[in-house]
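Colleague: what shape does this take:
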Amino acid sequence: IYTLSLHDALPILASHCKCVLCTSAAYYATSMAQHILRHVPDADALVDSLHYDGMISLDYRMSLLSSLSALQRADGGFMWFPGMGSNNYLTVEVAYQLARLRHVGVASDAATVVADRMLKRAMDYLAKDVRKQLKDVKNKKDKQITYLGLRYLYIQSLVDNILTDEQRKDQKLLIELLQPAEGREYTIEEAALAAIVLKRNGKDKLAERYLEGLDKKLTHPDGYYISYISGSFTSINRKVQTHVQVMEAFQEVKPQEQQLLNGMTEWLLQQKRTQQWDEPVKTVNAVYALLLDGSQPLEKGNSDVLKLREGQKTHTFVTPHTSVGYLRDSLTVSVPKELRVEKNEKGLSWGAVYATYQMPLDSVRASWQGFHIRRDVSTEQPKVGDRLHVRYTITADRDYEFVQLTSPRSAAAEPDASLSGYRYQNGLGYYRQIRDDRTEYYFDRMPKGTYVIEEDWLISRSGNYQTGSTIIKCLYAPEFSSFTSSDRVKIH
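Modeller: Next comes the predicted model:
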């Protein structure tokens, strides 16, 4: 299942637009796919099943490099689209990807030779810009390393290019600027980068100082990760990029922290369960981190075993002995008692169990997993013609995408609103669809936090009525769901 996450992510990268980041990510994806398949025992079968044969061919990768080369200007910098000027940020991003391919050990061939030449030119371009910035820094009283300087050092530490005398002097000065100073603050990502750079330049004690207290900033309800303010709309790209950088820093400086590293890997994999991975930068960062973690082997080991006990009978399921190791099955049982999972291989595995059953509405009790939802209905002796106010309080325990909230109405109620459409309420945007018996809400994005959604019902008839359960779930990871108990409303 772990390997499946990588295979799932890579085809998305390979279908790209013509901008420099997408082109670079497509080359990264195809090169990384080839690297992965070199390490799995059933590579030929996997290539056929996933239709990778054309994607990982040398001709295809060379064509991508040709497109990427057309976006590299004579000065070595990369432009966004043809005809534009060189851009520092884009050059750093492309250099990141090319350098990381070399760092994970992608096999050398004609394509990697071309890519290495492009990387060398990009690094020379960045070195010139770094030199310009250093001249400005020298004239300042508060001397601090710049955004570009820190990332230049990091990329250089990955590839270890031969430097000119000038470049070597600049690198030495940049490393000196990383000396911790009172009043100087770094972001979490910058601290992680600094720790990696210092460790790779033989300054172990300084590297450890940058990681001091960083582990305490990682929370652990579902894997170790950096906690953000509830309701934060911090880009998931930024969250993943920072997470990967911290992960790499601990792998480099404190590899003995296996529990923490496993927890960080777990969080990264969990994000793919509840979010769409179609952004090239996020996916590239995640794949790099998963491959860099040596504790998660690509080769499939022993199969895992799942046993479901039903009375005196036991149903046994065994994961297939392939690199993907994916198993999906369904079973009709009367009274399941216990599900036991025997884990026999190294690395992380995960799964989900879904139970579908029927029961009387009066017997339904609230339940939650990942989400927590509460429905409050104003029920102070409502009568025909009244307006009934309904409030849904939703708490999301992590960042979600593609969330559906379904709320049935009692047979005595009609919707106050008759038109479906997009709305924004209490910090959350959603599409509301009005149906005859229920209202459905669709959220393309729901960051971690608590939200309130409100609507009104119009009472049209008297009597004693039952409302069904309000259900919220992540549509593409339905194991993350929650539902309320059923309510009874008496209309006068």
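Colleague: going forward, measure contacts and count neighbours with C-alpha atoms only.
Modeller: Fine.
Colleague: what helices and strands are in contact with the host helix or strand of Val240?
Modeller: Using DSSP states H and E, Val240 maps to helix 236-253. Applying 3 or more C-alpha pairs under 8 Å, 6 or more residues apart in numbering; DSSP states H and E, we find helix 236-253 packed against helix 188-200, helix 204-211, helix 258-274, helix 280-292.
Colleague: out of those helices, which comes closest to Phe78?
Modeller: Ranking the helices and strands packed on helix 236-253 by proximity to Phe78 (C-alpha to C-alpha) places helix 280-292 first, at 15.9 Å.
Colleague: what's the burial count for Ala411?
Modeller: Using other C-alpha atoms under 10 Å, Ala411 has 18 neighbouring residues.
Colleague: revised request: answer the last question for His35.
Modeller: Other residues near His35 number 18, with proximity taken as other C-alpha under 10 Å.
Colleague: cool, Lys135 as well?
Modeller: Counted with other C-alpha under 10 Å, Lys135 comes out at 10.
Colleague: pretty sure Leu178 is in a strand, no?
Modeller: No. Looking at Leu178 with DSSP: H, G, I helix; E, B strand; the rest coil, it is coil, so not inside a strand.
Colleague: Gly149 is in contact with that one, correct?
Modeller: No. Using C-alpha atoms under 8 Å, Leu178 is not in contact with Gly149, being 10.4 Å away.
Colleague: thinking again about what came up before, tell me how far the helix holding Val240 lies from the chain's centre.
Modeller: 11 Å (C-alpha atoms, centre = their mean, to the nearest Å).
Colleague: does the closest residue to Val364 other than its chain neighbours count as helix, strand or coil?
Modeller: Nearest-residue entry for Val364: Ser485, 5.3 Å, with adjacent residues in sequence omitted and distances by C-alpha to C-alpha, 6 or more residues apart in numbering. Taken by three-state DSSP, the conformation at Ser485 corresponds to coil.
Colleague: do Lys490 as well
Modeller: Lys490 ends up strand, using three-state DSSP.
Colleague: ok, now which ones touch it?
Modeller: Contact analysis of Lys490 by C-alpha atoms under 8 Å, 6 or more residues apart in numbering lists 381-382, 462-465.
Colleague: farthest-separated two in the residues you listed?
Modeller: Gln381 and Tyr465 (13.0 Å).
Colleague: identify the residue spatially nearest to Thr393, adjacent ones excluded.
Modeller: Setting aside the residues directly before and after it, Thr393 is nearest to Val452 in space (C-alpha to C-alpha, 6+ apart), at 4.6 Å.
Colleague: isn't that neighbour up against Ala396?
Modeller: No. Between Val452 and Ala396 there is no contact under C-alpha under 8 Å: 11.5 Å.
Colleague: hang on, the earlier thing: in a helix, the residue nearest to Thr393, correct?
Modeller: No. According to three-state DSSP, Val452 belongs to no helix; its state is strand.
Colleague: the residue lying closest to Phe371 once chain neighbours are set aside: neighbour count?
Modeller: The spatially closest residue to Phe371, leaving aside those adjacent along the chain, is Ala396, at 4.8 Å (C-alpha to C-alpha, 6+ apart). Neighbours of Ala396 under the rule other C-alpha under 10 Å: 20.
Colleague: beta partners of Ala396?
Modeller: Ala396 has the following beta-bridge partners by DSSP bridges: Phe371, Gly449.
Colleague: neighbour count: Gln381 and Tyr465, which is higher?
Modeller: Ranked by neighbour count (other C-alpha under 10 Å), Gln381 and Tyr465 place Tyr465 first, with 16 against 10.
Colleague: now do the same for that one: helix, strand or coil?
Modeller: Per three-state DSSP, Tyr465 ends up strand.
Colleague: show me where the stretch 351-492 of the chain has strands.
Modeller: Listed in chain order, the strands found in the stretch 351-492 of the chain under DSSP state E, counting those that start in this stretch are 367-369, 371-377, 387-396, 400-408, 413-415, 421-425, 428-434, 438-446, 449-459, 463-467, 471-474, 481-483, 487-491.
Colleague: can you redo those strands as a markdown table with mean pLDDT and distance to Arg131?
Modeller: Formatted as a markdown table, these follow (pLDDT from 0 to 100; distance: least, C-alpha to C-alpha, whole Å):
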| stretch | mean pLDDT | distance to Arg131 |
| --- | --- | --- |
| strand 367-369 | 83 | 53 |
| strand 371-377 | 91 | 51 |
| strand 387-396 | 91 | 47 |
| strand 400-408 | 90 | 43 |
| strand 413-415 | 87 | 66 |
| strand 421-425 | 88 | 48 |
| strand 428-434 | 90 | 45 |
| strand 438-446 | 91 | 42 |
| strand 449-459 | 91 | 44 |
| strand 463-467 | 83 | 69 |
| strand 471-474 | 92 | 49 |
| strand 481-483 | 91 | 53 |
| strand 487-491 | 80 | 69 |
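Colleague: which stretch among those strands comes nearest Val113?
Modeller: So among the strands of the stretch 351-492 of the chain, strand 400-408 is nearest, using C-alpha to C-alpha, at 39.7 Å.
Colleague: and Pro280, what pLDDT?
Modeller: On pLDDT, Pro280 comes in at 56.
Colleague: now Gly77
Modeller: 97.
Colleague: burial count for the closest residue to it other than its chain neighbours?
Modeller: In space, and not counting its chain neighbours, Gly77 is closest to Ser86: 4.8 Å by C-alpha to C-alpha, 6+ apart. Using other C-alpha under 10 Å, Ser86 has 20 neighbouring residues.
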